[in-house]
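# Only the shape, not the letters, is given here:
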């Protein structure tokens, strides 16, 4: 079998489209029953990646920092955002894109927390893609200098593959899920810039080995920061805000984004 | 079917249909690297379903599965990881992935 195109027969015609790689270095006949072979050499997700880059350009032009927030269902993404919106009110303008298969329950919670929010319902879809986020961003219309958190569909598998145009990726793992999730779902944790270990107020009631979990995250995703946080008690939330503030200042274009506002008196 | 492999199959169909409008596609050859996060068997499972009613209906699916190739940034060893967690035999996770993340449409055959 041909190592480049995978064909296995004999043939006569090959058609090469402009801009694609020829495999003339191993030209050979292809099977009559197969007709002609067209070499594409194209990334399967090229369309999504292109749309994600458009989103990224749009966000950069607006000086908006976008974060792709991912976890399994029920890990505490929305609760963390509610707490963040409440604690940082007046210091940070936060907008949220909520992804769920059905309902606007999370969007309603975020709206009550005082944020601009757009809900995307994916129906049977198991992840957000760049096209959905592009539409949602235009509808959300985030102001310059703000942060947009894209709360992905609860799922530790599929969202890892789809670039949305975000500047960084945060993965939540709650202590109730068990400490083995980073090694069981390595693709997801490998793409994380930050892993938040959530619901840490429940640690006294669980056999959750925090040290082992943090060590495993280091093996799966050596570049990721790890922060244990309880959105309920507030433990660790200061470090989460520090991380957020650092990201905001790093992404600010000169003269663009207003500085992180000081705490309200 | 709420798995990303269906979305991947649909992306393949969209790309091929866009590049070769109206062509009767008889075979699609994909390359799915061992670290791509995509399960070839799941693609096989949903490909016929996803192509039904499109220009790719009835097309054969061929999948090459190149193994992962990594190089340790610490000790310089080249190695093939035996799973999705890429650890050098020396124990370091600081590893460059040289190959295995690819997910692409290599070629298609048309009648």
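Thanks, I have the structure now. What you are looking at is a predicted structure, and each value in this text was computed from that prediction instead of being measured. Residues are numbered from 1 along each chain as shown, chains lettered A, B, ... in the order given.
# And the closest residue in space to residue B:23 that isn't next to it in sequence, how close does it get to residue A:166?
Spatial nearest neighbour of residue B:23, chain neighbours left out: residue B:110 (4.3 Å); criterion: Cβ to Cβ, 6 or more residues apart in numbering or on different chains. Yep, even glycine has a C-beta here, placed from its N, CA and C like the rest. For residue B:110, the distance to residue A:166 (Cβ to Cβ, to the nearest Å) stands at 37 Å.
# So these two - more neighbours on which side?
Neighbours of residue B:110 and residue A:166, each counted by other Cβ atoms under 10 Å in any protein chain shown, are more numerous for residue A:166; the result is 23 against 20.
# That one: what secondary structure?
Of the three states, residue A:166 takes coil under DSSP: H, G, I helix; E, B strand; the rest coil.
# Show the backbone phi and psi for it.
Residue A:166 adopts backbone torsions of phi -70, psi 160, taken as degrees, to the nearest 10.
# If I follow the layout properly, it ends up in contact with residue A:64?
No: the criterion here is Cβ atoms under 8 Å, and residue A:166 misses it with residue A:64 at 10.6 Å.
# For the top helix by length along chain A, which residues meet the burial criterion?
Looking only at chain A and at elements set by DSSP state H, the helix with the highest residue count is helix A:46-62. Under the neighbour-count criterion of 16 or more other Cβ atoms under 10 Å in any protein chain shown, helix A:46-62 has A:46, A:47, A:48, A:51, A:52, A:55, A:56, A:59, A:60, A:62 buried.
# Could you list the low-pLDDT ranges of the stretch 101-250 of chain A?
Along the stretch 101-250 of chain A, segments meeting pLDDT under 70 are nowhere present.
# Residue in it with the shortest distance to chain B?
residue A:158 (3.5 Å; Cβ to the nearest Cβ).
# What mean pLDDT does stretch B:82-90 get?
The predicted model gives stretch B:82-90 an average pLDDT of 89.
# Where do the strands of chain B begin and end?
Taking DSSP state E as the test, the strands found in chain B are B:25-32, B:60-64, B:69-72, B:78-79, B:95-99, B:103-110.
# can you list those in TSV and add distance to residue A:107 and mean pLDDT?
Formatted as TSV, the entries for the strands of chain B read as follows, by distance: least, Cβ to Cβ, whole Å; pLDDT from 0 to 100:
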stretch	distance to residue A:107	mean pLDDT
strand B:25-32	36	96
strand B:60-64	39	97
strand B:69-72	42	96
strand B:78-79	46	96
strand B:95-99	37	93
strand B:103-110	32	96
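# Compare those and give me the one nearest residue A:238.
strand B:95-99 (32.8 Å; Cβ to Cβ).
# who's in contact with that closest one?
Around strand B:95-99, the neighbours that count as contacts under Cβ atoms under 8 Å, 6 or more residues apart in numbering or on different chains are A:222, B:33, B:35, B:66-73, B:78, B:86-88.
# Report the buried residues of that strand.
Taking 16+ other Cβ under 10 Å as the neighbour-count basis, strand B:95-99 is seen to contain the buried residues residue B:95.
# and what of stretch B:98-107?
Using 16+ other Cβ under 10 Å, the residues of stretch B:98-107 that count as buried are B:100, B:102, B:103, B:104, B:105, B:106, B:107.
# ok, how many other residues are close to the closest residue to residue B:73 other than its chain neighbours?
Residue nearest to residue B:73 in three dimensions, not counting chain neighbours: residue B:94, with 4.6 Å by Cβ to Cβ, 6+ apart. Residues near residue B:94, counting by other Cβ under 10 Å, number 13.
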